[in-house]
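Asker: Structure for this input, please:
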Amino acid sequence: NKVVNRKRTEALQIFYDLLKQNEEPIKMMALIANQFRLLMQTKYFSQQGYGQKQIATNLKVHPFRVKLAIDQARLFSEEELKSIIEHLAVMDYEMKTGKKDKQLLLELFLLKLLQSD
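Answerer: Prediction:
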């Protein structure tokens, strides 16, 4: 939520705390990607006229997650969400193939995303 809401200080503090607890950057990136994917999907379904309960049923997620995602999706244009998801997909590939340092990739992604705080 801190990342999506672009709360730079809090998001980075959580990131560094998780690293200190030996959390895997791939795992953190997967959680972030999952959230942005949910935002994109809820934005799409909302634009198609679906209600919160219909979206939750279609996506097989809890209605409260959909409610939060609808509110958060308003913070991003469709193009921004597409760009973020594409960037996360490239990052996923680079992390899993060992092309670049996992921690550095995620940190740079967060700094870039959160620069408009």
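Asker: residues making contact with the strand or helix carrying residue 36?
Answerer: Residue 36 belongs to helix 25-47 when assigned by DSSP states H and E. For helix 25-47, the surrounding residues in contact (C-beta atoms under 8 Å, 6 or more residues apart in numbering) are 3-4, 15, 18-19, 54-55, 58-59, 61, 65-66, 69-70, 72-73, 76, 78, 81-82, 84-85, 88-89, 91-92, 95-96, 102-103, 105-106, 109. C-beta: built from backbone N, CA, C; applies to glycine.
Asker: and residue 80, how many neighbours?
Answerer: 14 (other C-beta atoms under 10 Å).
Asker: actually residue 13, not the one I wrote
Answerer: Neighbour tally, residue 13, other C-beta under 10 Å: 12.
Asker: what's the distance between it and residue 111?
Answerer: 13 Å (C-beta to C-beta, to the nearest Å).
Asker: Tell me the helix or strand right after the helix holding residue 36.
Answerer: Counting by DSSP H and E, what follows helix 25-47 is helix 52-59.
Asker: which helices and strands does that next one pack with?
Answerer: Packed against helix 52-59 by the contact rule (3 or more C-beta pairs under 8 Å, 6 or more residues apart in numbering; DSSP states H and E) you find helix 25-47, helix 63-73.
Asker: okay, those helices in a markdown table with mean neighbour count, mean pLDDT and distance to residue 115 next?
Answerer: Formatted as a markdown table, these follow (neighbours: other C-beta atoms under 10 Å; pLDDT from 0 to 100; distance: least, C-beta to C-beta, whole Å):
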| stretch | mean neighbour count | mean pLDDT | distance to residue 115 |
| --- | --- | --- | --- |
| helix 25-47 | 18 | 96 | 16 |
| helix 63-73 | 18 | 95 | 18 |
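Asker: of the contacts of helix 25-47, buried ones?
Answerer: 3-4, 15, 55, 59, 66, 69-70, 72-73, 76, 81, 84, 88, 91, 95, 102, 105-106, 109 (16 or more other C-beta atoms under 10 Å).
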